[in-house]
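Asks: next comes the sequence, and after it the predicted model I'd like to discuss.
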Amino acid sequence: MRTDVFDFDLPAERIALRPAIPRDSARMLVVQGDGVLRDRHISDLPHWLEPGDQLVVNDTRVIPAQLKGRRIGRETEPKIEATLIKRLDGSHWQALVKPAKKLAVGDRIRFGNEGKVCLLGHLDAEVAAKGEEGEVTLAFAFHGPALDQAIAELGVTPLPPYIASKRAPDEQDAADYQTMFAANEGAVAAPTAGLHFTPALEAALRARGIEINRLTLHVGAGTFLPVKAEDIAEHRMHAEWGTVSAETARKLNEARAAGGRIVAVGTTSLRLLESAARDDGTIQPFSGETAIFITPGYRFRAVDIMLTNFHLPRSTLFMLVSAFSGLDSMKHAYAHAIANGYRFYSYGDACLLFRAHEPNSID
């Protein structure tokens, strides 16, 4: 399919720069399998699910993965900005850098403020390899826990580019850009559908007989990259590491066998569940990388319902929701959301999507 099929116009004022307060006061557009749209709020979520349904959340934790520094060791010392996207081993990270043209293999970058006391104020890394589209491999001077501490001291929260281009990250983002489930460090982008949850919402879900299950998918910065190929078949997905425990797989399989539905909180949870599912829908324990690319025509095996935010035009995530609920249905839903003042992207509102082929009469 052509990439431009997934394009739409979004007014800049629809991009949310801060989350709703409280988090579960955000709006929620319900998109039923028959294409019917209903305007609700996240706090209404328990009423749209049934006892026995199983929510699946991503418990990854965002690290302060954005580092600023300068190239050293040559006559000029241009400023360099790096976003860590994938840990390779104890001292090596894959990163997106800009301006990449200022760097060559063997160059040294010094990150941090040399006026700070901790860690002597800076962290050095050598460019070990260069790839495409600004990707490099950085070999850091620190290793293991010492490197983790240095990144925590010198890095900042890597806000999505559509927010960072409008304002600088601040201390509030360090809290706002983590879900209440965040536990396992490794993501450089938040699983944003999970940002809407509060203890009160969790309690209401459990009171209705809806369980919350956890998995981990460390979201990479590749989630923000636009699809540049004219045909979506030519797009290369970035691999992300995830794990589904044997206990989570068992609970989900038992619930589905008893008639419960699997509700993915976010595209990250959905992608990992589908990666872990057999053809018959049985979910297996999983540990490893996935680069699954879900587009219209994909046969879903594991997930019945999805809660997700509103996504970028021409993005892999808008392609995924179009596969889940139908392209025409999602274009109609997004047009409704734009016309009715819904807030888009990471800090924005959400939509609750039912599989296109599944009728749903809940109101």
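Replies: Happy to help now that I have it.

Asks: mind listing the helices for the stretch 101-250 of the chain?
Replies: With DSSP state H, counting those that start in this stretch as the criterion, the stretch 101-250 of the chain has helices at 144-154, 161-164, 171-176, 199-207, 246-257.

Asks: now do the end-to-end distance for stretch 94-110.
Replies: Taking Cα to Cα, to the nearest Å, stretch 94-110 runs 16 Å from one end to the other.

Asks: settle this for me: E274 is touching F300, isn't it.
Replies: Yes - E274 lies in contact with F300 (Cβ atoms under 8 Å); the separation is 6.7 Å. The way it works is simple: take the backbone N, C-alpha and C, and place the C-beta from them, glycine included.

Asks: quick one on the thing from earlier: which of the helices of the stretch 101-250 of the chain has the lowest mean pLDDT?
Replies: Out of the helices of the stretch 101-250 of the chain, helix 161-164 stands lowest, with a mean of 85 (criterion: mean pLDDT).

Asks: alpha carbons only: can I get that one in CSV?
Replies: Only the C-alpha atoms of helix 161-164 are listed here, as CSV (Å, rounded to 0.1, in the frame of the first residue of the first chain):
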residue,chain,number,x,y,z
PRO,A,161,10.1,15.8,18.7
TYR,A,162,6.6,17.2,18.2
ILE,A,163,6.7,18.4,21.9
ALA,A,164,10.4,19.2,22.2
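
Asks: from the chain's centre, how far out does that helix sit?
Replies: 14 Å (Cα atoms, centre = their mean, to the nearest Å).

Asks: ok, stretch 250-264 next?
Replies: Counting by Cα atoms, centre = their mean, stretch 250-264 is centred 23 Å from the centre of its parent chain.

Asks: who's in contact with it?
Replies: Stretch 250-264 has contacts (Cβ atoms under 8 Å, 6 or more residues apart in numbering) with 49-50, 52-56, 210-211, 213, 270, 273, 281-283, 302-307.

Asks: hmm, back to that, adding distance to R74 as columns, could you present the helices of the stretch 101-250 of the chain in a markdown table?
Replies: Below are these laid out as a markdown table (distance: least, Cβ to Cβ, whole Å):
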| stretch | distance to R74 |
| --- | --- |
| helix 144-154 | 22 |
| helix 161-164 | 28 |
| helix 171-176 | 34 |
| helix 199-207 | 52 |
| helix 246-257 | 50 |
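
Asks: and of those, who's closest to F293?
Replies: Among these, the nearest to F293 by Cβ to Cβ is helix 161-164 (21.1 Å).

Asks: residues of the closest one that come out buried?
Replies: Within helix 161-164, the residues that count as buried by 16 or more other Cβ atoms under 10 Å are 162-163.

Asks: same deal with stretch 253-265?
Replies: 253, 255-256, 260-265.

Asks: show me what contacts the closest residue to I72 other than its chain neighbours?
Replies: For I72, ignoring the flanking residues on the chain, the nearest one in space by Cβ to Cβ, 6 or more residues apart in numbering is R110 at 4.9 Å. By Cβ under 8 Å, 6+ apart, the contact set of R110 is 69-70, 72, 122-124.

Asks: mind checking which of the residues you listed are buried?
Replies: 69-70, 122-124.

Asks: how about those residues, which pair is most distant?
Replies: Comparing all pairs in the buried ones among the contacts of R110 by Cβ to Cβ, the longest separation belongs to R70 and L123, at 12.1 Å.

Asks: picking up where we left off before, take the contacts of R110 and write them to CSV, including distance to T137.
Replies: Listed next are the contacts of R110 as CSV, based on distance: Cβ to Cβ, whole Å:
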residue, distance to T137
G69, 16
R70, 19
I72, 18
H122, 20
L123, 16
D124, 15
